[in-house]
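[1] need the 3D shape of this:
(one chain, ligands or ions: 1)
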Amino acid sequence: MLKAALTVGQPSIGVWCSLASALTTEVVAGSGAGWVLIDGEHSPNDLRTIMAQLQVLSGHECEGVVRSPSDDPNLIKQLMDVGARNLMIPNVRTADQAREIVSAATYAPAGRRGFSVSHRANAFGRIADYHANATRERLLVLQIECETGVANARAIAEVEGVDVLFVGPGDLSTNMGAMGRPSDPAVQAAIASVLRDTTAAGKASGILAPVKADADRYLADGFTMVAVGSDLGLLARGSDALVASFQR
Ligand SMILES: O=C(O)C(=O)C[C@H](O)[C@@H](O)CO
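    Numbering: from 1, shown residues only. You can find the predicted model right below:
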């Protein structure tokens, strides 16, 4: 289980799934990756295409992490009800926002996730102890993508119920005035600071690193939830290289 691995500091390699396709997500799931990111933020996914991808993953060891387009509690509720046990929330900036997200993913009385007796997440009522265990079994991955989030990373990581702080290098570099340059020294210093603060809070750190040398370095530094590429990138770059190899 992804949560169990990350809790004991075991690295887990993931692949971003941006193509909004159950078929391509199924192909990636067979690769041996520990998890795939089903992207509801920047991909043409909706609740049904996300659910279809979770369905194909049910036959695999590989776990689905679903990125919600925002921290909207109604979206969080719908995603959890269709079976998203692992959730990623973009651009979290403060501990108060993190507490609201935890609350949206937690049944009353501790939180305010709406209760439905029967849904896909509990196999349509067949998993009798689903509601009792849902909070303990979910994985909450909050993205740090701006300087405010970096400054508050320690406080965000310390919020009970937050499992992972995950750096979004694209947005972070853009928000720091270095669009497309995550290797900029100031951005790298911010990434290192998030790792330090998250580790100090006893939580796991993650990052997207589609260049192998970067991924290796982040893993050596202590990031454990590392996405090393995407279905879209593999198909686009692979088809480019294939066609180019036949051009004279
Ligand atoms: O800011 C980032 O970097 C991310 O959060 C990942 C991107 O959103 C991802 O879609 C790049 O393909």
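[2] alpha carbons only: can I get stretch 118-131 in PDB?
    What follows is stretch 118-131, C-alpha atoms only, in PDB (Å, rounded to 0.1, in the frame of the first residue of the first chain):
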ATOM      1  CA  SER A 118     -23.300   3.100  -0.400                       C
ATOM      2  CA  HIS A 119     -20.900   4.100  -3.200                       C
ATOM      3  CA  ARG A 120     -18.100   2.700  -5.300                       C
ATOM      4  CA  ALA A 121     -15.600   3.400  -2.500                       C
ATOM      5  CA  ASN A 122     -17.200   0.800  -0.200                       C
ATOM      6  CA  ALA A 123     -18.100  -1.600  -3.000                       C
ATOM      7  CA  PHE A 124     -21.700  -0.400  -3.000                       C
ATOM      8  CA  GLY A 125     -22.200  -1.200   0.600                       C
ATOM      9  CA  ARG A 126     -20.300  -4.500   0.600                       C
ATOM     10  CA  ILE A 127     -17.400  -3.200   2.700                       C
ATOM     11  CA  ALA A 128     -19.000  -3.000   6.100                       C
ATOM     12  CA  ASP A 129     -16.200  -1.200   7.900                       C
ATOM     13  CA  TYR A 130     -15.300   1.300   5.100                       C
ATOM     14  CA  HIS A 131     -16.700   4.300   6.900                       C
END
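[3] which parts of that stretch are buried?
    119, 121-122, 130 (16 or more other CB atoms under 10 Å). No exception for glycine: its C-beta is placed from N, CA and C like everyone else's.
[4] hmm, who's touching it?
    51, 54, 80-85, 107, 115, 117, 134 (CB atoms under 8 Å, 6 or more residues apart in numbering).
[5] restricted to strands, list those.
    With strands taken from DSSP state E, there is no overlap with the contacts of stretch 118-131.
[6] now render those as JSON lines, adding neighbour count.
    Shown next, in JSON lines, are the contacts of stretch 118-131 (neighbours: other CB atoms under 10 Å):
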{"residue": "51", "neighbour count": "20"}
{"residue": "54", "neighbour count": "21"}
{"residue": "80", "neighbour count": "25"}
{"residue": "81", "neighbour count": "19"}
{"residue": "82", "neighbour count": "18"}
{"residue": "83", "neighbour count": "19"}
{"residue": "84", "neighbour count": "28"}
{"residue": "85", "neighbour count": "19"}
{"residue": "107", "neighbour count": "15"}
{"residue": "115", "neighbour count": "9"}
{"residue": "117", "neighbour count": "9"}
{"residue": "134", "neighbour count": "18"}
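[7] so for the residue lying closest to residue 224 once chain neighbours are set aside, what's the pLDDT?
    Distance criterion CB to CB, 6 or more residues apart in numbering; nearest residue to residue 224, sequence neighbours excluded, is residue 11 at 4.6 Å. Residue 11 is assigned 98 on the pLDDT scale.
[8] that'll do, ta.
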